[in-house]
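Trainee: sequence-free structure coming up:
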DNA sequence: TCAGTCGTTCCATAATATGGAACAATGACT
DNA sequence: AGTCATTGTTCCATATTATGGAACGACTGA
């Protein structure tokens, strides 16, 4: 399935920062001959996963991916039930709430609530680095060792001077998460930002997501963190319960 | 790229009605040997496009598709600027507004506004049959012949007794759309529902989407259609203008 | 405990993907 | 208007990968 992996690498090359690319840029980025890149793009285009404006214009991801992504979200109970709970957390804490889902492979931010929501503002749905976010660590702490090993093997990318970059440090942090019942991100992902995250469990008890409260460091001094954590943990528990009682 | 096409066919097999499937069901649906289906699913799983709950459980689409779909939407100017215009159309007409995008390949419904919107209700983002929806025909009428040919070649699926099912009838209908400046769906897609749709143009003048007003047939008698059409056409024009003046 | 069914793996064989080179089309410059 | 550079596209001899029947391992239900 070598060509399938190459095709997916082509898709992965597109991002919010670079939603369109030329054939040459794609070939260069992936170190492929132009003929190979062209054949991959032609196949993806036939499938509707990629589109091309003109014969000499750039390639971009196709709308079909929106439809496929929507199939995922429409089946994601977490996405459907968490909204009111997240709103309550925002009102209680005065901070921004993030909702993340875990599909056994990726930690994905899927919803975000703030004090002043904007209608139809596109929520940032994107993969989160699981080793240095409160939601990522809240999820990882309750996964089988194999999942943690896979994250470590994929590399622990550095974001700030506080980012966890060694396997040992990550495991110790996850031990603390299990003890406390919540995870902390103290400017690990981004300078000036602190987060508290707690795991959300599915009906079978497996951790399938997390919710966090996020705010600027000066608004979240160390003495305020346990109070915030209590709210986040309670919210995570109420979402977990809503998932259990939900039918369909 | 045969295996890539097979892999995409696997992805296409998932839907809102059937968000998870067994390996056997996928193999059977696509008439593939289990070994082949397994290899395709393993490769898609490695890529994060598909996930599997347990070693004996069903497969489902992965969250990565949500992220890729989001890259598409985040770059879709139409999606970002159309909201207030669609809201105005709803308020003026009292009917539901649909926003559709066209990527040169698919006509996709990407937003929907109603008199009583539900917060965080997941909008139905899915492919629309272009030959029998007002938005689809509003888009097709202004595309190169090759696009129309491709739609015809893909088959004109029947939904009601009023659905257009021949190439000749479709071309005639598209002629009328061009003359009037708007398209009509008089219970072609669904019994009891009528729609009026108008094309939305990008900065270069190409038709890249459409907007429609939709309601029950009894609320949209024939004499009301021209009045509604006027509102829809005006809304489409104002969205087109917003796209032209938009920068970034 | 056993039978049936599911997902997974193996490997001889069949089929497809590759990529250098050349071509066609487009845009920029003079 | 013509030329040149650059981009996307196509060809095909060759290299490499995908295939799928059969068997295996794991799990579930009786």
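Mentor: Noted; the coordinates are in hand. What you see is a predicted model; the values in this text were computed from it and never measured. Numbers count the residues shown, from 1 in each chain, chains lettered A, B, ... in the order given.
Trainee: Is stretch A:76-90 positioned near chain B?
Mentor: Yes: counting by C-beta under 8 Å from any C-beta of the partner chain, chain B is contacted by stretch A:76-90 at A:79-80, A:83. In this view, the C-beta of every residue, glycine as well, is placed from N, C-alpha and C.
Trainee: and chain A, which of its residues are near DNA strand C?
Mentor: Selection of chain A residues close to DNA strand C by C-beta under 7 Å from any atom of the strand yields A:2-3, A:6, A:32-36, A:39-40, A:54-56.
Trainee: three-state assignment of residue A:69?
Mentor: For residue A:69, the assignment made with DSSP: H, G, I helix; E, B strand; the rest coil gives helix.
Trainee: any idea how far DNA strand D is from it?
Mentor: Computed as C-beta to the nearest atom of the strand, to the nearest Å, the residue A:69 to DNA strand D distance reads 25 Å.
Trainee: from the residues of chain A next to DNA strand C, which two are the most distant?
Mentor: Distances among the residues of chain A next to DNA strand C were taken as C-beta to C-beta; the most separated pair is A:2 and A:54, at 30.2 Å.
Trainee: Now do the domain split for chain A, please.
Mentor: Domain ranges of chain A: A:2-66, A:76-245, per automatic domain parsing.
Trainee: circling back to that earlier point, filter the residues of stretch A:76-90 next to chain B down to the ones in helices?
Mentor: Those of these mapping onto helices are A:79-80, A:83, per DSSP state H.
Trainee: May I ask which of the residues you listed has the most neighbours?
Mentor: Ranked by neighbour count under the definition other C-beta atoms under 10 Å in any protein chain shown, those are headed by residue A:79 with 19 neighbours.
Trainee: before we move on, the earlier item: restricted to buried residues, select the residues of chain A next to DNA strand C in ChimeraX.
Mentor: Restricted to the buried members of these, where burial is judged by 16 or more other C-beta atoms under 10 Å in any protein chain shown, the ChimeraX selection command reads as follows:
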select /A:3,6,32,39,40
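Trainee: Residue A:30 is in contact with residue A:37, correct?
Mentor: Yes: contact criterion C-beta atoms under 8 Å: residue A:37 and residue A:30 qualify, at 7.0 Å.
Trainee: between the two, who's got more neighbours?
Mentor: A count of neighbours by other C-beta under 10 Å puts residue A:37 above the other of residue A:37 and residue A:30, at 23 against 15.
Trainee: Let's see the pLDDT reported for residue A:120.
Mentor: With respect to pLDDT, residue A:120 has a value of 52.
Trainee: And residue A:137, by the same measure?
Mentor: At residue A:137 the predicted local distance difference test score is 97.
Trainee: is the helix or strand where residue A:215 lies anywhere near chain B?
Mentor: Following DSSP states H and E, the helix or strand that holds residue A:215 is strand A:207-216. No: shown here: strand A:207-216 not in contact with chain B (C-beta under 8 Å from any C-beta), separated by at least 10.2 Å.
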